[in-house]
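[1] could you look at this predicted model? Sequence included:
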Protein chains: 2
Amino acid sequence: MIFKEALKKRELEINAQLESAFDRRLDAPDIIIEAMKYSLFAGGKRLRPILMLETCRCLEGDETIIWPLALGIEMIHTYSLIHDDLPDMDDDDYRRGKLTNHKVYGPATAILAGDALLNYAVETMLKGSKNLSGDELSRYIQAVRVIMGASGILGMIGGQVADLQSENKVIGIDELDYIHLHKTAALLEASVQAACIIAQAQPATQGRLISYSHRVGLAFQIVDDILDVEGDEETLGKPVGSDEKNHKSTFVSLYGLEASRVKVSELEKEAVEMLQPIGSRTVFLQELAHYICSRNQ
Amino acid sequence: MIFKEALKKRELEINAQLESAFDRRLDAPDIIIEAMKYSLFAGGKRLRPILMLETCRCLEGDETIIWPLALGIEMIHTYSLIHDDLPDMDDDDYRRGKLTNHKVYGPATAILAGDALLNYAVETMLKGSKNLSGDELSRYIQAVRVIMGASGILGMIGGQVADLQSENKVIGIDELDYIHLHKTAALLEASVQAACIIAQAQPATQGRLISYSHRVGLAFQIVDDILDVEGDEETLGKPVGSDEKNHKSTFVSLYGLEASRVKVSELEKEAVEMLQPIGSRTVFLQELAHYICSRNQ
């Protein structure tokens, strides 16, 4: 219960900070700000910023420095969902129980809202470097580079392209691993890695935290695949069965539900084990792994 | 003739540097690299990087530092064209005499290729900060921020949204000015401003250079509008009359061809006058203004 409360508190903090990123008078057409905020505040779980902030906290890093990076990574995640949902991509009408961006604002504005969120993520992150200098600035820029690397062709976009190409054909586990590791796990890993850079984690600790995020990232995606088969549409806020509809190979279609559940348990156990030597400060991250692996939405 | 040769030389240099930005082994699906490069090497005039490099040269700034910014701004310009051409946006089949990105790779890959180019622009620019430190690093990041500000909702994207909203209705000169200044002039101005920051231009000189780029940016857009009415389709590499087809208000539709030509001449004259007090090092930029104002493609 304490974990759930702490999680909720983080979520509210993140929402407030995201709101304040749009506080200043923005001399832009109202509709684009509205479309950006519509998806940014559509009920996301804020997993990436939570991972980043909690990693920073457990390493006793400076939280004020890392906030703009946490906001930036959530904006990047959100833009990727807006574009993923477009008629020319997955053509989804609902996400988290709400109409998708293009269903509300039309595809043209949705394309621009996605572009705008990626651009604004970078603006927000770089604005956070304003008062930094010396090694602190160098580390900060290094963290931004890690995030941008994880969201680009070597990370998330690479995974999205491979995912597109895999439609309507049976793919092997290597290809599926590539898709999962890049499309989903890359940004989760980058959240942890950015925090390690800002908080100057020892190499061994950093290695453990990244292994943790790697496993959590894979588990997250397999749970997604499981929920697409046996989840509850109302709880999920979107139709199930979309992978089958789009003829997509998933962990479930390759190995079956039971083996997928076993895999998630294994990954959770390994993720938690990775953290134990770091000590009691990692309790939140351990519970987060459990939360991600047992989620039903 | 000397100017034309210098321009050609710059263009070739930029093409070579853009090629080398894709040199390293990129562990990404081949198709996305191919789609990104297809539009990046589709015969662009490279005006933004040329403006940036030549401003830097006339200020005797360090050209090795500014190159990654010049490549980044061209990638940003290219991504915006890919998304602009999409079926859900302007729905154009041809650009510069070649099929548009989505006509070759399909809309889904074209959306991702655009996203990827924006992301890679940031990766490329930030990679250029790798060996910088102290004030040099701070200035460099400041220049990146100027570029990202000019490409986001306060700049180019703001202009694109206003442009979308203006379709099928008559707009006034204020709204048209907003669109022109944001959609087109912002990135041209940012090219000059980034160079001023890197080369530590004196405030008065910087003011003159920015006024120059402002006028050149506006003139560039008005010439675009003129060419859409009376240009040669073969030379342009795209159909003319698209503004009329899309019921778009332009400088020409508001003031007529003759007044538009007069306006371009005035802007060219003012732009050149802005540079004269800076001295003979600005000759290339003066000729560039003439080139932009008298172009037929």
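    Yep, that arrived.

[2] can you classify A:R25 as helix, strand or coil?
    Three-state assignment for A:R25 (DSSP: H, G, I helix; E, B strand; the rest coil): coil.

[3] quick one: the strands in chain A, in order.
    Taking DSSP state E as the test, the strands found in chain A are A:94-95, A:98-99.

[4] for A:R295, give me its contacts.
    A:223, A:227 (C-beta atoms under 8 Å, 6 or more residues apart in numbering or on different chains). Bear in mind the C-beta positions are built from the backbone N, C-alpha and C, glycine included.

[5] please report the distance of it from chain B.
    A:R295 sits 27 Å away from chain B, taking C-beta to the nearest C-beta, to the nearest Å as the criterion.

[6] so what pLDDT did that residue get?
    As predicted, A:R295 sits at a pLDDT of 86.

[7] how close does it sit to A:A195?
    22 Å (C-beta to C-beta, to the nearest Å).

[8] rewinding a little: which of the strands of chain A has the lowest mean pLDDT?
    Taking the mean pLDDT of those, strand A:94-95 comes last: a mean of 92.

[9] average pLDDT across the lengthiest helix in chain A?
    In chain A, taking DSSP state H as the definition, the longest helix is helix A:203-230. Average pLDDT, helix A:203-230: 94.

[10] quick one: which of the strands of chain A is nearest A:G152?
    Across the strands of chain A, A:G152 has its closest neighbour in strand A:94-95 (23.0 Å, C-beta to C-beta).

[11] what does that closest one rub up against?
    Against strand A:94-95 from outside (C-beta under 8 Å, 6+ apart): A:42, A:81, A:85, A:100, A:237-239.

[12] tell me which of those is nearest to chain B?
    Nearest to chain B, judged by C-beta to the nearest C-beta, of the contacts of strand A:94-95 is A:D85 at 11.2 Å.

[13] what's the pLDDT at that closest one?
    97.

[14] how close does A:E244 get to B:A121?
    Going from A:E244 to B:A121 by C-beta to C-beta gives 37 Å.

[15] who has more neighbours out of those two?
    Just comparing A:E244 and B:A121: by other C-beta atoms under 10 Å in any protein chain shown the higher neighbour count belongs to B:A121, 30 against 13.

[16] hang on, isn't that one packed against B:Y79?
    Yes - with contact defined as C-beta atoms under 8 Å, B:A121 and B:Y79 form a contacting pair (7.2 Å).

[17] now the strands of chain A as CSV including mean neighbour count?
    Output for the strands of chain A, formatted as CSV (neighbours: other C-beta atoms under 10 Å in any protein chain shown):
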stretch, mean neighbour count
strand A:94-95, 18
strand A:98-99, 16
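
[18] could these go into JSON lines alongside distance to A:P107?
    Converted to JSON lines, the strands of chain A look like this (distance: least, C-beta to C-beta, whole Å):
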{"stretch": "strand A:94-95", "distance to A:P107": "15"}
{"stretch": "strand A:98-99", "distance to A:P107": "13"}
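
[19] for A:D174, find the nearest of those strands.
    With respect to A:D174, and counting by C-beta to C-beta, the nearest of those is strand A:94-95 at 29.3 Å.

[20] sheet partners, orientation included, of that closest one?
    strand A:98-99 (antiparallel) (DSSP bridges).

[21] can you list contacts of the partner strand?
    Residues from elsewhere that reach strand A:98-99, judged by C-beta under 8 Å, 6+ apart: A:42-43, A:93, A:237.

[22] show me which residues of the stretch 101-250 of chain A sit near chain B.
    With the criterion set to C-beta under 8 Å from any C-beta of the partner chain, the stretch 101-250 of chain A comes near chain B through A:106-109, A:111-112, A:114-116, A:118-120, A:122-123, A:126-127, A:129, A:133-134, A:137-138, A:141, A:144-145, A:148-149, A:151-154, A:157-158, A:160-162, A:164-165.

[23] show me just the buried residues among these.
    Buried members of these, scored by 16 or more other C-beta atoms under 10 Å in any protein chain shown, are A:107-109, A:111-112, A:114-116, A:118-120, A:122-123, A:126-127, A:129, A:137-138, A:141, A:144-145, A:148-149, A:151-154, A:157-158, A:160-162, A:164-165.

[24] quick revisit: who wins on neighbours among the contacts of strand A:98-99?
    Counting neighbours by other C-beta under 10 Å, A:A42 leads the contacts of strand A:98-99 with 18 neighbours.

[25] would you mind measuring from the residue nearest to the spatial centre of chain A to A:L81?
    By C-alpha atoms, centre = their mean, chain A has its centre lying nearest to A:R48, at 4.5 Å. As defined by C-beta to C-beta, A:R48 lies at a distance of 12 Å from A:L81.

[26] same check, this time on A:M125
    Distance of A:M125 to A:L81, given as C-beta to C-beta: 19 Å.

[27] what about the two, which has more around it?
    When neighbours are counted by other C-beta under 10 Å, A:M125 comes out ahead of the other of A:M125 and A:L81, with 26 against 19.

[28] and the nearest residue to that one once chain neighbours are set aside, how many neighbours does it have?
    Nearest residue to A:M125, sequence neighbours excluded (C-beta to C-beta, 6 or more residues apart in numbering or on different chains): A:G72, at 3.9 Å. By other C-beta under 10 Å, the residues close to A:G72 number 31.

[29] show me what contacts A:G72?
    The contact partners of A:G72, taken as C-beta under 8 Å, 6+ apart, are A:121-122, A:124-125, A:144, A:147.

[30] one more time with 7 Å, if that's ok
    Contact partners of A:G72, counting by C-beta atoms under 7 Å, 6 or more residues apart in numbering or on different chains, are A:121-122, A:124-125, A:147.

[31] and A:N246, what does it touch?
    Contacts for A:N246 (C-beta under 7 Å, 6+ apart) come out as A:90, A:167.

[32] please determine how far the residue lying closest to A:C196 once chain neighbours are set aside is located from chain B.
    Leaving aside its chain neighbours, A:C196 sits nearest to A:Q206 (4.3 Å; criterion: C-beta to C-beta, 6+ apart). According to C-beta to the nearest C-beta, A:Q206 and chain B sit 20 Å apart.

[33] wait, A:Q206 sits on A:I197?
    No - with contact defined as C-beta atoms under 7 Å, A:Q206 does not reach A:I197; the gap is 8.4 Å.

[34] give me the neighbour count for the nearest residue to A:S265 once chain neighbours are set aside.
    Of all residues not flanking A:S265 in the chain, A:C293 sits nearest, at 7.3 Å (C-beta to C-beta, 6+ apart). Residues near A:C293, counting by other C-beta under 10 Å, number 22.

[35] against chain B, how distant is A:C293?
    28 Å.

[36] no further queries at this time; thank you.
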